[in-house]
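Q: here is the input, now give the coordinates:
(6 chains)
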There are 6 protein chains.
Amino acid sequence: MPQNNNLTLRGRNIMNQLEPGLADKLTNSLKELDEDLPSIITDFVFGAVVGRKGLDIKIREMLTVASLVSLGNAHDQLELHMKGALNVGVTPQDLLEVVIQMSVYAGFPAFLNGLTAYRAALAATGHALPAASGLK
Amino acid sequence: MPQNNNLTLRGRNIMNQLEPGLADKLTNSLKELDEDLPSIITDFVFGAVVGRKGLDIKIREMLTVASLVSLGNAHDQLELHMKGALNVGVTPQDLLEVVIQMSVYAGFPAFLNGLTAYRAALAATGHALPAASGLK
Amino acid sequence: MPQNNNLTLRGRNIMNQLEPGLADKLTNSLKELDEDLPSIITDFVFGAVVGRKGLDIKIREMLTVASLVSLGNAHDQLELHMKGALNVGVTPQDLLEVVIQMSVYAGFPAFLNGLTAYRAALAATGHALPAASGLK
Amino acid sequence: MPQNNNLTLRGRNIMNQLEPGLADKLTNSLKELDEDLPSIITDFVFGAVVGRKGLDIKIREMLTVASLVSLGNAHDQLELHMKGALNVGVTPQDLLEVVIQMSVYAGFPAFLNGLTAYRAALAATGHALPAASGLK
Amino acid sequence: MPQNNNLTLRGRNIMNQLEPGLADKLTNSLKELDEDLPSIITDFVFGAVVGRKGLDIKIREMLTVASLVSLGNAHDQLELHMKGALNVGVTPQDLLEVVIQMSVYAGFPAFLNGLTAYRAALAATGHALPAASGLK
Amino acid sequence: MPQNNNLTLRGRNIMNQLEPGLADKLTNSLKELDEDLPSIITDFVFGAVVGRKGLDIKIREMLTVASLVSLGNAHDQLELHMKGALNVGVTPQDLLEVVIQMSVYAGFPAFLNGLTAYRAALAATGHALPAASGLK
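A: As a prediction, the model looks like this:
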C-alpha cells in the first residue's frame, strides 16, 4: 500500500503519543515481514480510524481498553493501550472505572484480568496506585 | 438479595434515563423468574457499577457499546445501549465514531453489525442520519 | 467413519432422551450432506463424549447449558439443550440457577440471553414458570 | 480517506466477483453514514488485504469462512462469504469440508451453524446439494 | 457498596472453601484499588450468585469450570476454580469429565487447554492423577 | 472408544506429518488421563475430520491457522499448527498471507498475535524470514 503522507504522519503522531518511539518500533518490526504492513498500521489503523477527529484521543483509548478487556484475546495490546491511555492523559482513576464497568459486560474473569493489566500499566508508567476511594 | 434502597433508586434512575420505563419493564420481567433478579440488575449492575461517580453516563454508555460490539453475542442489548446512549445525550456522530473505531479492534464483521444496530437505534429514537462528513 | 454399533446405539439413545426423535431427525438432516456426519454426531459427540459414564446425564446437560450461555454463539443449540435438560429431569429451578450463575462468568448480556432461552424452553416443554423464590 | 485509484479498483473488482453489484451496494449503504467508510472497505479491506497477490481468491474466501465460523458473531457476513466462495469457484464439496473441519477447532455448535449457512448459500446461488460421499 | 453482613459472610465462607484464605487474599488485593471492589466480589459474586441455595457448591464449581474452559480468556481463574472444585469435593474423575465434555462444545484447543489446567490443579492440590479408566 | 485401526493409522500419519513424533507424544500424554482420549484425538480429530480426502493437508492447515488466529484462545496450538503448516509444505509467504487476512476478520490484536506466532514458528522450524515483498 503506497503511503499516504497525510495519513502516515497523523498515524505516526498518534502512535508516538501512546508510547514514545512506538511508530518506529512497530514499523521496523513489521517491515521485515512485508513492506505493506507498516502503512496498514500507521495509515489505516492509527491514521484513518483512530486518528479521526470525531472523538478525542483520551476517549478513543478508553474505548479501546473496553474492547480489549471484552475480547480477552490480546494481553500485550491491552497493556499497551492502558499505558497509552495514561500517556495521553487518561487518569488512573478513570482507567480503573473503565475496567470496573467491564465486570458487568464481559464477566468477572475478564474484569480481573483487566485489573492485573491495569496494575502493570501503572507500574510501567511510573504511576502510584491512586488512593482507594469509597462509594463513587 | 435484599434491596438496598440507595442503590436501587440510583440504579432505577439510570435505567429510566436509558429508556423511559425500563426499570419497571425489566423488573417485572425478572421478578416472575426469581425474586432476587430485579435487585441484581437494579442494585448491582446499574446502581453499584454503572452508577458509580467516576465517569459520566455518556462515556459509560459509549464504553458499553464498545464492549458489546466487541463481544458480538448480544444483539438486543447492543441496540438497547445504543438507544440508551442517544437518550442520555451521546450525539449520533460520536456513537458512529465508537462503532468505526471497533473495526480495528473487533474486526470488520463486528463493525458492520455495529453499523446495522446504529441505524436501527437512530430510527427507533427518531433521529435522522447525520450528514455524512469527510475525513474527520 | 464406519459406525461403531455400540457407540451409535448409546449416542442415539441419549439424543432421543434429550428430544424424542432427535437421533433420526439429525441423522436424516446430516446424511444428505455427507455420509460420515451422522456417525460423527451419534458416535462421537453423543456416544463417546456425552455418553461417558463419569457424570450423569442431568449434570452433563447443565454443563452444556453453562458452556453455550458462555460461548453465546449458538442460540438454537442452547434452546435444544435447555429443553433436553428439562426432558432428562433437570428441574426448572436448577436450570434457572445455571443461567443465573453465568451472569458472573460470561457477563450480563449472555445471562439475559440465557433467560430468554430458558423461558422459551419452558414454554416448548409445557412447563409453567416455577414460583419465584426469595433469597436462595 | 482519499481514494487510492489503484486499490479502489482492485477492491471493487474483488467485491463484484464475490457478488455481482456488491461494490456499489455496499458503497452506497456506507457513504450515507460517512464519506470515508466506502474507501475503508474497498481500498483497505478488499484492495489492500483481500486483494494481495500472495494467495488466490478461492483460498482467501475459504480462510474467511473458517474465520467467520470460528468467530460465530456474524451470520450475514458468513453467508455472504459462503456465496462469494461459490461465486469465485470454490466447489460445494470443498466449502463443506471447510465447515466440517471447524467442528474440531470451534466446537460443534459453531459447526452446526456453519452447516445451516452452507445450505442457505447453496440455495441462494442455485447449487444443488452435492451427492453425499462416503468416508473421504 | 456498603457491605451487607449476611451476604458478605456467605460469600467469604464460599471463597474460603474454594481456597483457604482466599477471601482475605482477594479482599486485600482489591481494596487497595477501590474500597467497593471487595464487597462486589464477596457480596455479589460469591454471596448473592454463587452462594444461592439452588445448586450445591460442587455443581456450581463444575459449571464455572465449563464456562471458563468455553470462554478461554481466563487462565488463572480456570485454575483457581479447578482447585476450588477439588477443594469442595468434586472428584478428579468428575472434573476430568467436565473438561472432556467441553471438547464438543468449545472445540479441541479449549479442551486441550482445559487438560493442562486440570493437571496443574491436581498438582497444586496434592492429588495424584487418577488411574486412567477405559470406555466410560 | 475402541480404536478403529484404519482411522487410527490415518490420524497418526497426519499428526506425524505435522510434527515428527507428535502422535506418540500426544498419545502418551493423553492416555495417562483416560484410556479413551488418545483415540478421540487420533481417530476422530486427525483421522475422521482432518484426514478427510476433500481438501489437501496444506489447505487444511491454513484453515486451522485462520480459525485459531480468530478464536485467539489457544496460543500453543496456534504455534503447533503454524509449524505443522510449514512442515507439510505451506510456504512462509502463504502462511503470512493467512495471518494478514485475519486482520480484517478477527481484528488487529488477533492479527498482531498471529504475527508473533508466525515468527516463532519460522524460528522453530529453521526457516529464515522470507524477503519482504512490495504491494502484492
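Q: what bits of chain A have low per-residue confidence?
A: Applying pLDDT under 70 to chain A flags residues A:1-3, A:133-136.
Q: that one: helices as residue ranges?
A: A:5-18, A:22-31, A:37-39, A:57-71, A:75-87, A:92-106, A:108-124 (DSSP state H).
Q: same list (those) but as JSON lines, adding mean neighbour count and distance to chain C.
A: All C-beta atoms are positioned from the backbone trio N, CA, C, and that covers glycine. Shown next, in JSON lines, are these (neighbours: other C-beta atoms under 10 Å in any protein chain shown; distance: least, C-beta to the nearest C-beta, whole Å):
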{"stretch": "helix A:5-18", "mean neighbour count": "19", "distance to chain C": "27"}
{"stretch": "helix A:22-31", "mean neighbour count": "17", "distance to chain C": "31"}
{"stretch": "helix A:37-39", "mean neighbour count": "23", "distance to chain C": "30"}
{"stretch": "helix A:57-71", "mean neighbour count": "26", "distance to chain C": "8"}
{"stretch": "helix A:75-87", "mean neighbour count": "22", "distance to chain C": "17"}
{"stretch": "helix A:92-106", "mean neighbour count": "24", "distance to chain C": "5"}
{"stretch": "helix A:108-124", "mean neighbour count": "21", "distance to chain C": "5"}
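Q: tell me which of those lies nearest to chain F.
A: When the helices of chain A are compared by C-beta to the nearest C-beta, helix A:75-87 sits nearest chain F, at 4.3 Å.
Q: quick one, the closest one and helix F:108-124 angle?
A: What separates the directions of helix A:75-87 and helix F:108-124 is an angle of 130 degrees, with axes from the mean of the first three to the mean of the last three C-alpha atoms, to 10 degrees.
Q: which positions in chain A make contact with chain B?
A: Taking C-beta under 8 Å from any C-beta of the partner chain as the test, the list of chain A residues beside chain B reads A:45, A:48-50, A:52-55, A:59-60, A:62-64, A:66-71, A:93-94, A:96-98, A:100-106, A:135-136.
Q: check these against chain F, which are close?
A: Contacts with chain F are made by A:45, A:68, A:71 out of those, judged by C-beta under 8 Å from any C-beta.
Q: contacts only, for the closest residue in space to A:Tyr105 that isn't next to it in sequence.
A: Nearest in space to A:Tyr105, with sequence neighbours left out and distances taken as C-beta to C-beta, 6 or more residues apart in numbering or on different chains, is B:Ser67 at 4.3 Å. Counting by C-beta atoms under 8 Å, 6 or more residues apart in numbering or on different chains, B:Ser67 touches A:66-67, A:69-70, A:102, A:105-106.
Q: rerun at 6 Å
A: With contacts defined as C-beta atoms under 6 Å, 6 or more residues apart in numbering or on different chains, B:Ser67 is in contact with A:66, A:70, A:105-106.
Q: any chance of these in CSV, with distance to F:Thr8 too?
A: Listed next are these as CSV, based on distance: C-beta to C-beta, whole Å:
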residue, distance to F:Thr8
A:Ala66, 47
A:Ser70, 41
A:Tyr105, 45
A:Ala106, 41
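Q: got the domain boundaries for chain A?
A: As given by automatic domain parsing, the domain ranges for chain A are A:1-53, A:56-127.
Q: now the first one, how far from the chain's geometric center?
A: The reference is to domain A:1-53. In terms of C-alpha atoms, centre = their mean, to the nearest Å, the gap separating the centre of domain A:1-53 from the centre of its chain is 14 Å.
Q: repeat that for the last one.
A: Using C-alpha atoms, centre = their mean, the distance from the centre of domain A:56-127 to the centre of the chain it belongs to is 8 Å.
Q: got the end-to-end distance for it?
A: 22 Å (C-alpha to C-alpha, to the nearest Å).
Q: gap between the residue of chain A found nearest chain C and A:Leu71?
A: With C-beta to the nearest C-beta as the measure, A:Gly107 is the residue of chain A nearest to chain C, at 4.3 Å. For A:Gly107, the distance to A:Leu71 equals 12 Å [C-beta to C-beta, to the nearest Å].
Q: what about A:Ala131, how many residues nearby?
A: The tally of other residues near A:Ala131 (other C-beta atoms under 10 Å in any protein chain shown) stands at 9.
Q: er, A:Pro20 actually
A: If you count neighbours by other C-beta under 10 Å, A:Pro20 ends up with 11.
Q: for it, what are its contacts?
A: Listed by C-beta under 6 Å, 6+ apart, the contact set of A:Pro20 is empty.
Q: distance check, it against D:Leu95.
A: In this structure, A:Pro20 lies at 48 Å from D:Leu95, with C-beta to C-beta as the measure.
Q: please apply the same query to A:Val104.
A: When A:Val104 is compared with D:Leu95 (using C-beta to C-beta), they lie 39 Å apart.
Q: repeat for A:Ala131
A: Using C-beta to C-beta, one gets 58 Å for the distance from A:Ala131 to D:Leu95.
Q: what's the answer for A:Glu35, then?
A: Separation of A:Glu35 from D:Leu95 (C-beta to C-beta) stands at 33 Å.
Q: try A:Leu86
A: 47 Å.
Q: same question, A:Ala128
A: Shown here: A:Ala128 relative to D:Leu95, a distance of 56 Å by C-beta to C-beta.
Q: how about A:Asp56?
A: Applying C-beta to C-beta to A:Asp56 and D:Leu95 gives a distance of 45 Å.
Q: likewise for A:Gln101?
A: Looking at A:Gln101 against D:Leu95, where the rule is C-beta to C-beta, the gap reads 41 Å.
Q: include distance to E:Gly11 when you put the ones next to chain F among the residues of chain A next to chain B into CSV, please.
A: As requested, these are exported to CSV (distance: C-beta to C-beta, whole Å):
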residue, distance to E:Gly11
A:Val45, 42
A:Leu68, 29
A:Leu71, 29
